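Undergrad: dropping the sequence and predicted coords here.
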Amino acid sequence: MKTEELKIKYPSGFELAVHMTKEEMEHHIRLMAALKMFELGKVSSGKAAQLAGMSRVEFLETCGRYRVSAFNYPPEEVEREIRKDLETTKKLGG
């Protein structure tokens with residue numbers, strides 16, 4: 001996979017203020033960006049996982065730890081999906 005680089009400026013010593021090494025801080029910033037973009041519906045869970053440097057399953061588990069819903073559906077779409085699931089369940093059961 002081809003990658004790009006993004007540089008950001010931050011105050012000197014910031015990594016010390018957040019009690020992280022530069023590498024830990026970089027990973028954390030990438031994760032936070034991935035979580036927020038996913039939460040806002042800007043990227044899929046797969047793309048967010050790539051940005052965070054983890055598998056999709058790991059990313060979705062991480063969503064739970066940070067209280068980011070893994071289900072980014074508008075309310076009307078959730079209702080439609082639930083109705084479809086209920087219809088499928090009825091067909092399978094009877």
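TA: Nice, thanks for sending it over. Source: prediction; values computed, not measured. Numbers count the residues shown, from 1 in each chain.
Undergrad: any weak-confidence spans in this protein?
TA: Low-confidence segments of the chain (pLDDT under 70): 73-74, 78, 94.
Undergrad: which residues of it fall in helices?
TA: With DSSP state H, the ranges of helices along the chain come out as 14-17, 22-39, 45-52, 56-65, 75-93.
Undergrad: any idea of the angle the third one forms with helix 22-39?
TA: Compare the direction of helix 45-52 with that of helix 22-39 by axes from the mean of the first three to the mean of the last three C-alpha atoms, to 10 degrees and you get 160 degrees.
Undergrad: from the chain's centroid, how far away is helix 45-52?
TA: 7 Å (C-alpha atoms, centre = their mean, to the nearest Å).
Undergrad: got the buried residues for that helix?
TA: Using 16 or more other C-beta atoms under 10 Å as the test for burial, helix 45-52 gives Ser45, Ala48, Ala49, Gln50, Leu51, Ala52. For every residue, glycine as well, the C-beta is placed using N, CA and C.
Undergrad: of those residues, closest to Ala33?
TA: Taking C-beta to C-beta as the measure, Ala33 sits nearest to Leu51 out of the buried residues of helix 45-52, at 6.5 Å.
Undergrad: show me what contacts that closest one?
TA: Arg30, Ala33, Ala34, Met37, Val43 (C-beta atoms under 8 Å, 6 or more residues apart in numbering).
Undergrad: switch to 6 Å and redo it
TA: By C-beta atoms under 6 Å, 6 or more residues apart in numbering, Leu51 lies in contact with Arg30, Ala34.
Undergrad: picking up where we left off before, save the buried residues of helix 45-52 as a markdown table, and put in distance to Glu5 too.
TA: A markdown table is the format used below for the buried residues of helix 45-52 (distance: C-beta to C-beta, whole Å):
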| residue | distance to Glu5 |
| --- | --- |
| Ser45 | 23 |
| Ala48 | 18 |
| Ala49 | 19 |
| Gln50 | 15 |
| Leu51 | 13 |
| Ala52 | 16 |
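Undergrad: next, count neighbours for Gly93.
TA: The local packing of Gly93 (other C-beta atoms under 10 Å) involves 6 other residues.
Undergrad: equivalent analysis for His27, please.
TA: Counted with other C-beta under 10 Å, residues neighbouring His27 total 15.
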